[in-house]
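>>> structure, please.
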Amino acid sequence: MITPLITRRRVSALGRPRPGDRFHRRALVAALLPVLLVAGALTGCTTTAAPSTDAPLAGAVTLPPAGAGFDYQLGGAYDPPAGIRTVVRDSTADAVAGLYSICYLNGFQTQPAESERLWADSPELILTAGTEPVQDENWPDEYLFDTGSADSRAGIEALLRPQIEGCAAAGFDAVEIDNLDSYTRSAGLLDAADNIALARLFVATAHEAGLAIGQKNTADLAAELAGDFDFAVTEECDRWQECGLYTAAYGDHVLAIEYADDLREDFAAACAVPDRPRSMILRDRDLVTPGTAGYRYRSC
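Just a heads-up that it's a prediction; the model follows:
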């Protein structure tokens, strides 16, 4: 069982480098615009055709409240600001009584504290190049899981199942599973179909546990996966002009986080986009707790 210690939040939509990198991937977004046009969407943060409802889904899982205030607390749990109805926390934290609580898990790469143990105990689950595990170049203490075969995907799902079920037992309403885009960091050893196949195993496991499950980042897969996942969690979709890919697929059930830094202080501009995701917040990149230097929280 992987036991996350300190969550390693990342921005992974469209396989772009992690926070702090300045490489802009607008060309990739432009290549995806025909998908939006077919869906009847416009460029940027667009209007949506997906329904907006809080009604329970088949199988008794419930969507996050549409358009509600939310908080993203992966750097440490604390009492949410006033008006919050949805909160995202690490799987090691507690759900929040009375709020819709989403449990964060890392499902496509190892947690740093578990990498060496898993490499020793379950090397068949780790992607290798020659005889060495494939590391995330931006997080070299994380190894990529090998999603390239049905057997390894079944083993990874079995590894994550106790954590997913643990989220349900702890009172969470949903899970978000990070690093869906790990195939973009595999040097061509994996492809999107491999990770989609594992994602669908996670979806089935979450639903069996009575949990909704959110797609985390990877905007170019939103249209394909919206029939599997129940909602989306996206980091910096306004910055990278990806919001429309998510809202076209998930309607009002998109939780959007923008990060404050020297390039993104004008959060008011993101809030002013007419068709932005209805649930959008600004957080500091380290997601620290209130009272800690650098803490930032604003909502539209």
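
>>> end-to-end on stretch 94-113?
For stretch 94-113, the first-to-last residue distance is 20 Å (C-alpha to C-alpha, to the nearest Å).

>>> and stretch 271-286, by the same measure?
One end of stretch 271-286 sits 21 Å from the other (C-alpha to C-alpha).

>>> the stretch 101-250 of the chain: strands as residue ranges?
Using DSSP state E, counting those that start in this stretch, the strands of the stretch 101-250 of the chain run over 128-129, 132-133, 174-178, 212-216, 231-235.

>>> for the residue lying closest to Q215 once chain neighbours are set aside, give me phi and psi.
Nearest non-adjacent residue to Q215, counting by C-beta to C-beta, 6 or more residues apart in numbering: F229, 4.1 Å away. No exception for glycine: its C-beta is placed from N, CA and C like everyone else's. Dihedral pair for F229: phi -70, psi 160, per degrees, to the nearest 10.

>>> run a quick neighbour tally on F229.
26 (other C-beta atoms under 10 Å).

>>> could I get the strands of the stretch 101-250 of the chain as a markdown table with distance to S279?
Shown next, in a markdown table, are the strands of the stretch 101-250 of the chain (distance: least, C-beta to C-beta, whole Å):
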| stretch | distance to S279 |
| --- | --- |
| strand 128-129 | 40 |
| strand 132-133 | 37 |
| strand 174-178 | 14 |
| strand 212-216 | 12 |
| strand 231-235 | 10 |
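
>>> any chance of those strands in a markdown table, with distance to G251 and mean pLDDT too?
Converted to a markdown table, these look like this (distance: least, C-beta to C-beta, whole Å; pLDDT from 0 to 100):
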| stretch | distance to G251 | mean pLDDT |
| --- | --- | --- |
| strand 128-129 | 40 | 96 |
| strand 132-133 | 39 | 95 |
| strand 174-178 | 16 | 97 |
| strand 212-216 | 13 | 98 |
| strand 231-235 | 9 | 97 |
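
>>> of all those, which one comes closest to I156?
Set against I156 and scored by C-beta to C-beta, these come closest in strand 174-178, at 10.8 Å.

>>> wait, V273 sits on D238?
Yes: using C-beta atoms under 8 Å, V273 is in contact with D238, at 6.7 Å.

>>> residue contacts, the residue positioned nearest the centre of the chain?
Residue closest to the average C-alpha location in the chain (C-alpha atoms, centre = their mean): K216, at 2.1 Å. Residues in contact with K216 (C-beta atoms under 8 Å, 6 or more residues apart in numbering) are 12, 176-180, 232-234.

>>> buried subset of those residues?
Among those, those classed as buried by neighbour count (16 or more other C-beta atoms under 10 Å) are 12, 176-180, 232-234.

>>> now, which of these sits nearest A66?
For those, the nearest to A66 is A232 (12.4 Å; C-beta to C-beta).

>>> who's in contact with that closest one?
Neighbour list for A232: 214-216, 222, 246, 249-250, 253-255 [criterion: C-beta under 8 Å, 6+ apart].

>>> F267 versus that one, what's the distance?
As judged by C-beta to C-beta, to the nearest Å, A232 and F267 stand 20 Å apart.

>>> what do you get for T218?
24 Å.

>>> with neighbour numbers in mind, choose between those two.
More crowded of T218 and F267, by other C-beta under 10 Å: T218, with 27 against 19.

>>> can you give me the pLDDT of the more buried one?
Per-residue pLDDT puts T218 at 97.

>>> that one contacts S182, correct?
No: proximity of T218 to S182 does not meet the contact threshold set by C-beta under 8 Å, at 9.6 Å.

>>> tell me which of the contacts of A232 fall in helices.
Among the contacts of A232, DSSP state H puts 222, 246, 249-250 in helices.

>>> redo these as a markdown table? Include distance to Y297, pLDDT and neighbour count.
Listed next are the ones in helices among the contacts of A232 as a markdown table, based on distance: C-beta to C-beta, whole Å; pLDDT from 0 to 100; neighbours: other C-beta atoms under 10 Å:
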| residue | distance to Y297 | pLDDT | neighbour count |
| --- | --- | --- | --- |
| A222 | 26 | 97 | 25 |
| Y246 | 21 | 96 | 30 |
| A249 | 27 | 97 | 27 |
| Y250 | 23 | 97 | 29 |
